[in-house]
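A.B. asks: Okay, sequence plus prediction incoming.
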Amino acid sequence: MRLVIWVAAAIFVVDQALKYLVVHILQLDRVRDIDVFPPWLNLRMAWNQGVNFGLMASETDLMRWVLVGIALAICVWVWIWVWRAALGRFARIAAGLLIGGALGNVIDRILYGAVADFLNMSLPGWQNPYSFNVADISIFAGAIGLVLMPQGKTAPPAATPRKRTAPKAPRSNPPTRPAEPTQAELFPGPDQPPARQPDQQGRDEDGKSG
């Protein structure tokens, strides 16, 4: 956030220095008009008690402090948003422009009761009735920058590594059980000789070793 602070501080200092030059040294609030490079650039003093183009202008002291509170709330909101969202360099510069310009106009409302507008740009054959200042330019540029800031590409989700599983042991076939004797073998018929059963020494009925 140091970039936001530096940009905001630079805009604030330039804005207040020019306003001091115009109001206190050139005394534009008394002279009213100074032609610099007519009709393109002139100094036309205007005390703006509202926001841009005189909107919400009011001579009541309450409205002045309401506008001061709104400007400070916007500065705090932009600061927190940029800080939490971790936006890029372009967005931080835009936020610094907006905050610096808003704080410059806040100081004007506190010191003078209104914003000191003195820059006037016109065209041949057309006189611009409005004046502005450096803070107004900075606020406008910062707001447009935050709206049109480039969106970063979303990083693809990281692939989760596959777990290596131990190779499965081959299945061993269960031992085969000896086939059970059939009923014909256990109980032979009259035409079938009985099955010879080996004795304990491994000999059959004929005395031969099995």
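C.D. replies: Great, that's in hand. Residues are numbered from 1 along each chain as shown.

A.B. asks: for this protein, what spans make up the helices?
C.D. replies: Taking DSSP state H, the helices of the chain run over residues 2-20, 28-31, 61-85, 89-112, 134-147, 183-186.

A.B. asks: what angle do the fifth one and helix 2-20 make?
C.D. replies: Going by axes from the mean of the first three to the mean of the last three C-alpha atoms, to 10 degrees, helix 134-147 is angled at 150 degrees with respect to helix 2-20.

A.B. asks: Residue 135 contacts residue 107, doesn't it?
C.D. replies: No - with contacts counted by C-beta atoms under 8 Å, residue 135 stays clear of residue 107, the gap being 9.1 Å. C-beta: built from backbone N, CA, C; applies to glycine.

A.B. asks: The two: which has the busier surroundings?
C.D. replies: When neighbours are counted by other C-beta atoms under 10 Å, residue 135 comes out ahead of the other of residue 135 and residue 107, with 28 against 17.

A.B. asks: now the more buried one: how far from residue 64?
C.D. replies: Taking C-beta to C-beta, to the nearest Å as the measure, residue 135 falls 16 Å from residue 64.

A.B. asks: Check residue 131 too.
C.D. replies: 19 Å.

A.B. asks: still on that earlier bit, joint contacts of residue 135 and residue 107?
C.D. replies: Residues touching both residue 135 and residue 107 by C-beta atoms under 8 Å, 6 or more residues apart in numbering: none at all.

A.B. asks: Which pLDDT value belongs to the nearest residue to residue 31 once chain neighbours are set aside?
C.D. replies: Distance criterion C-beta to C-beta, 6 or more residues apart in numbering; nearest residue to residue 31, sequence neighbours excluded, is residue 45 at 7.5 Å. Reported pLDDT at residue 45 in the predicted model: 91.
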